[in-house]
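> What would the 3D arrangement of this be:
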Amino acid sequence: MNPVRVMDLRGTYKGGGGPDKTILNSAAQHDPTKVDVHVTYLRQPNDKEFQIPTMAAERGINYTDLVDRGLLDLKCLWGLKQLYREHNIQVIHTHDDKTLLCGWLLKMIVPGGRLLHTCHSHAEYSREDFPSLISYLKFRLRKRFVLFLMDRHDKPILTVSENTRQRLIRGGLDAGAVRVLHNGIDTIAWSMVNARPVLRDELKMLPGELLVGTVARITYDKDLPTFYEVARRVMQRFPNIRFVIVGDGYGDELSQARAEVERLGLGGLIHFTGHRNDLKDIYTSLDLFLMTSRTEGMPNTALEAMAMGLPVVSTSVGGVPELVADDLTGFLRPCGDAAGLAEAVCRLLADENLRGSFAEAARRRIEDRFDFTARVRAMESIYFEFAGAIDSASYARPGTEIVGN
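A predicted model of the protein is given here:
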């Protein structure tokens, strides 16, 4: 049986994020006798920090990127068409809003292929979350168009959490047309072996000082103002505490965040590193992981933190409760609850034994429920199903969970 030929199609910037890790690591681990994956990225022409080619080369995967100059770049679309024909693609796998559009257009230009989409996140916001009515209406229009495009992809649509699945159903997709495939993580690669606590040296931390951190793209979704307030409250009880935010924004968000922290008088408490690739060393530097997001799909950073044996304090949003077991591997609190999050952080900082217990439970939960190899095998089955290579009845029916809780 010939392998299924797949174009994994994604648009991103700079060093990428959670979905990029899933895409690149999956391509590296697929059985080449079953699936022939060609990873294809759309890149912004002014992005001088685009690191995906290096990451792809390190993993030895088939990779191409194309310059994407705007909403509808015909030259980019032509390049995708040429790749599609050159590699005799059977399944186009899209992962974000832009590639949803490109996949749909490709299907109309070159009929015959199958369109598969993975929805990594689907935010739900109200008017109060936007500075103006116009910006809110733009959000609603974009969301409706995204659902329109998903409805024109082949079914099922994949989601990374049950919460995201329910959001798509509320948006109008048929319940039987959406299936959950939880994110996973390579527990061999993500372990304490050969990891060094580099941040403690960089921040010149003294013995006995504690470090709480997050790894996040600096966007509205991550609700960093709540992170700042949690840090301020915790400092009042633990003067030997430091906080760190690892990540960058799409534009000048990092410089704005630094300026805001200085304005709040928290410059000596909260530190920013910008984008980092040495994340194992970053997690090893932390005593616990703090996430204050307004919305999430199934956050790779929380997966990584738990795999590295860190307790997690997080807002109970999106797919996070499917990953973090409250009062077992960490603590969950409502979105925006700075007081509750700070109390949870303080409870863990005050009890080293509790931190150790949660850390061990976090690692076990990842090993038991979020194994990346199992996810890769499930994805291969879905590719076969989409390509019509095997009887789809052999696999989980649409709407059922394949990997996870």
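
> elements contacting the helix or strand that contains Glu380?
Per DSSP states H and E: Glu380 is located in helix 372-387. If you count contacts as 3 or more C-beta pairs under 8 Å, 6 or more residues apart in numbering; DSSP states H and E, helix 372-387 packs onto strand 4-11, helix 18-29, strand 91-94, strand 114-119. Yep, even glycine has a C-beta here, placed from its N, CA and C like the rest.

> now with 6 Å?
strand 4-11, strand 91-94 (3 or more C-beta pairs under 6 Å, 6 or more residues apart in numbering; DSSP states H and E).

> Which one, of these, ends up nearest to Val261?
Checking the helices and strands packed on helix 372-387 against Val261 by C-beta to C-beta gives strand 4-11 as the closest, at 30.5 Å.

> Parallel or antiparallel, which strands does the closest one pair with?
Paired strands of strand 4-11, with direction, are strand 35-43 (parallel), strand 91-94 (parallel) (DSSP bridges).

> Tell me which of those strands sits nearest to Ala350.
Closest approach to Ala350 among the strands paired with strand 4-11 (C-beta to C-beta): strand 35-43, 45.1 Å.

> Number of residues surrounding Val67?
Close neighbours of Val67, defined as other C-beta atoms under 10 Å, add up to 14.

> surely it meets Asn46?
No. Taking C-beta atoms under 6 Å as the definition, Val67 is not a contact partner of Asn46, at 9.9 Å.

> Ignoring the adjacent residues along the chain, who's closest to Ala342?
Arg233 (3.7 Å; C-beta to C-beta, 6 or more residues apart in numbering).

> Next, that neighbour: secondary structure please.
Following DSSP: H, G, I helix; E, B strand; the rest coil, the label given to Arg233 is helix.

> Any figure for the gap between it and Phe243?
Counting by C-beta to C-beta, to the nearest Å, the gap between Arg233 and Phe243 amounts to 11 Å.

> likewise Val313?
Counting by C-beta to C-beta - Val313 and Phe243 are separated by 12 Å.

> Looking at these two now, which is surrounded by more residues?
Val313 (28 against 25).

> Phi, psi for that one please.
Backbone geometry at Val313, expressed as degrees, to the nearest 10, gives phi -110, psi 120.

> And for Gln256?
phi -60, psi -40.

> Thr54: how many residues sit nearby?
Here the number of neighbours of Thr54 (other C-beta under 10 Å) works out to 11.

> ok now the helix or strand containing it, how far from the chain's centre?
Counting by DSSP H and E, the element that carries Thr54 is helix 52-59. Put simply, helix 52-59 sits 18 Å off its chain's centre (C-alpha atoms, centre = their mean, to the nearest Å).

> mind listing what's buried in that helix?
By neighbour count on 16 or more other C-beta atoms under 10 Å, the buried set for helix 52-59 is 52, 55-56.
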